[in-house]
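# coords please:
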Amino acid sequence: MADADAVRSFRDLGVWQKAMALVVEVYRDADGFPKSELYGLSSQLRRALVSIPANIAEGRGRRSTRSFLHFLDIAYGSMAEAETLLELATRLGFLPPDRLAAHVGRLAEIGRMLNSLISALEQRLHTQPPTGSGLPSSLNPES
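Next comes the predicted model:
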């Protein structure tokens, strides 16, 4: 993971970069699926894969660590969905087993990177001093 101070944008996150590269690869593979799957498996697979970097980016754009963690959790779920759909594509004969293995390997790497990012953010969340609302205690709903 990039140093927290060096991350100015979601584009600086290695996990986002790797997820984007995987989306491009699988998009190209899905072009070879039968045309009858254009609105079926191919579309669902592409949506699941796009969801990974999209949720990383959306979470990074949020104003709180908790929100970022929530979107990283969604990205992680999309990884599991994508892996399942890739497996199905192989079982149906649309994706060669060697391509499945390559994509699953990349998903595993992205998963490890997501886990590291999630752990770092959770640690930061638990070590940050609580921030007040700036309101007098009589007006603060958190009091």
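# now the host helix or strand of Ala75: how far from the chain's centre is it?
Following DSSP states H and E, one finds Ala75 within helix 65-91. Its chain's C-alpha centre and that of helix 65-91 lie 6 Å apart, by CA atoms, centre = their mean, to the nearest Å.
# Ok, stretch 96-108 next?
Taking CA atoms, centre = their mean, one finds stretch 96-108 lying 17 Å from the centre of the chain it belongs to.
# next one: stretch 63-82
6 Å.
# Need the residues that contact it.
19, 26, 45, 48-49, 51-53, 55-56, 58-60, 62, 107, 110-111, 114, 117-118, 121-122, 124-125, 128 (CB atoms under 8 Å, 6 or more residues apart in numbering). For every residue, glycine as well, the C-beta is placed using N, CA and C.
# could I have that stretch exported to PDB, CA atoms only?
Taking Å, rounded to 0.1, in the frame of the first residue of the first chain, the C-alpha atoms of stretch 63-82 are listed here in PDB:
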ATOM      1  CA  ARG A  63     -15.200  11.900   3.900                       C
ATOM      2  CA  SER A  64     -14.800   9.300   6.500                       C
ATOM      3  CA  THR A  65     -12.700   6.200   7.200                       C
ATOM      4  CA  ARG A  66     -15.800   4.300   8.100                       C
ATOM      5  CA  SER A  67     -17.400   5.100   4.700                       C
ATOM      6  CA  PHE A  68     -14.100   4.100   3.000                       C
ATOM      7  CA  LEU A  69     -14.200   0.700   4.900                       C
ATOM      8  CA  HIS A  70     -17.800   0.200   3.900                       C
ATOM      9  CA  PHE A  71     -17.000   0.600   0.200                       C
ATOM     10  CA  LEU A  72     -13.900  -1.600   0.500                       C
ATOM     11  CA  ASP A  73     -16.200  -4.300   2.000                       C
ATOM     12  CA  ILE A  74     -18.500  -4.000  -1.100                       C
ATOM     13  CA  ALA A  75     -15.400  -4.300  -3.400                       C
ATOM     14  CA  TYR A  76     -14.400  -7.400  -1.600                       C
ATOM     15  CA  GLY A  77     -17.800  -8.900  -2.100                       C
ATOM     16  CA  SER A  78     -17.700  -8.100  -5.800                       C
ATOM     17  CA  MET A  79     -14.400 -10.000  -6.000                       C
ATOM     18  CA  ALA A  80     -16.100 -13.100  -4.700                       C
ATOM     19  CA  GLU A  81     -19.000 -12.600  -7.200                       C
ATOM     20  CA  ALA A  82     -16.500 -12.100 -10.100                       C
END
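# Understood, closing this out.
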